[in-house]
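>>> Kindly generate the corresponding structure for this input.
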Amino acid sequence: FLKITEGCDNRCTYCLIPSIRGSLRSRPAADLVLEAERLAAGGVRELNLIAQDLTAYGTDLNPATDLVHLLEQILKRTDIPWVRLLYLYPTTTSDALLELMAAEPRIVPYLDIPFQHVSDPVLQRMNRRYGRRDLEDLIARIHSYLPDCALRTTLLVGFPGETEQDVETLIDCLQRWQLDHVGVFQYQDEEGCAAHRLKNKIGDSEKEERFKRVMAAQAEISAGKVQKYVGRVEQVLVEGVSAETDLLLEGRTRFQAPEIDGCVYIADGQASAGAIVPVRITEAHTYDLVGEIV
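Below you'll find the predicted structure:
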């Protein structure tokens, strides 16, 4: 993982990051490229760029720069085979970034873009600077550049003032959008957050019920989405012997981020940790895949 900024300038009402870590502070591109070179020299096979908001990178520097230029330098100066982008803000995910991803196969076709919700009234109370229509346009734009791009998002249920209709809208959007990976969390009051002062709090039992409904809806979607991989040959980054059993190897496709998504269990074939090998997918479960090296 390579953290490219500290702090954040987004003032989401549920988040304490700006008050704890301060305003956005981007690391100079030269420093980041040097660190990427050191990681590459050490044998790193996948570089995950992280920040509270990757798309804000460089806007505070003098002269200003951006994520696209940073990526171009990292790609030019290293030979790391996979570069992954984690945590982008919806409305500042640019066409220039999507064009670079489409042109550069080393940037894996995977984007983690936290939506937090899809209901316009909830998003307004969260101080997120977009609405449901913006999210729909973003998804269409991503798929126009990257038809096979895997999309991950994070959702927060039980936010103050959230109605039953808001939850139904959320589930309806998940069913229509068919996102690959969704993390769902229950809102919790935090002293110091603006949302702590909002009225119409949701009770714990109601939050739990809404959480379970959204999770169940997405589990069904995920189980259907992974079926498309059966029969396909995918490049898999081998991470070593499986934690489940030493009879299996374990790895990930380009469409699975480390630690948060499912994995690929390799039931046949040998490879060393760090190798990227072709694997024919033979089974698909709700989140995980099973395959054999070809």
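
>>> Past the strand or helix carrying Leu156, which element shows up next along the chain?
Element membership for Leu156 (DSSP states H and E) is strand 150-157. Note on strand 150-157: by DSSP H and E, the next helix or strand toward the C-terminus is helix 164-177.

>>> For that following helix, name the packing helices and strands.
Here helix 164-177 touches helix 132-145, strand 150-157, helix 204-225, going by 3 or more Cβ pairs under 8 Å, 6 or more residues apart in numbering; DSSP states H and E. Any C-beta I mention is one placed from the backbone N, CA and C, and that applies to glycine too.

>>> deepest of those, which one?
The highest mean neighbour count among the helices and strands packed on helix 164-177, using mean count of other Cβ atoms under 10 Å, belongs to strand 150-157: a mean of 22.

>>> any idea how far that strand is from the chain center?
How far strand 150-157 lies from its chain's middle: 7 Å, per Cα atoms, centre = their mean, to the nearest Å.

>>> got the contact list for the nearest residue to Arg129 once chain neighbours are set aside?
Spatial nearest neighbour of Arg129, excluding adjacent residues (Cβ to Cβ, 6 or more residues apart in numbering): Thr91 at 5.9 Å. By Cβ atoms under 8 Å, 6 or more residues apart in numbering, the contact set of Thr91 is Arg129, Tyr130, Asp134, Leu138.

>>> which one among the residues you listed gets closest to Leu179?
Using Cβ to Cβ, Leu138 comes nearest to Leu179 of the contacts of Thr91, at 11.7 Å.

>>> how about the residue nearest to Gly58 when sequence neighbours are not counted, secondary structure?
Closest residue in space to Gly58, ignoring its immediate chain neighbours: Thr65 at 3.6 Å, by Cβ to Cβ, 6+ apart. For Thr65, the assignment made with DSSP: H, G, I helix; E, B strand; the rest coil gives coil.

>>> Distance of Thr65 relative to Tyr57?
As judged by Cβ to Cβ, to the nearest Å, Thr65 and Tyr57 stand 8 Å apart.

>>> domain parsing for the chain?
Residue ranges for the domains of the chain, per automatic domain parsing: 2-227, 230-293.
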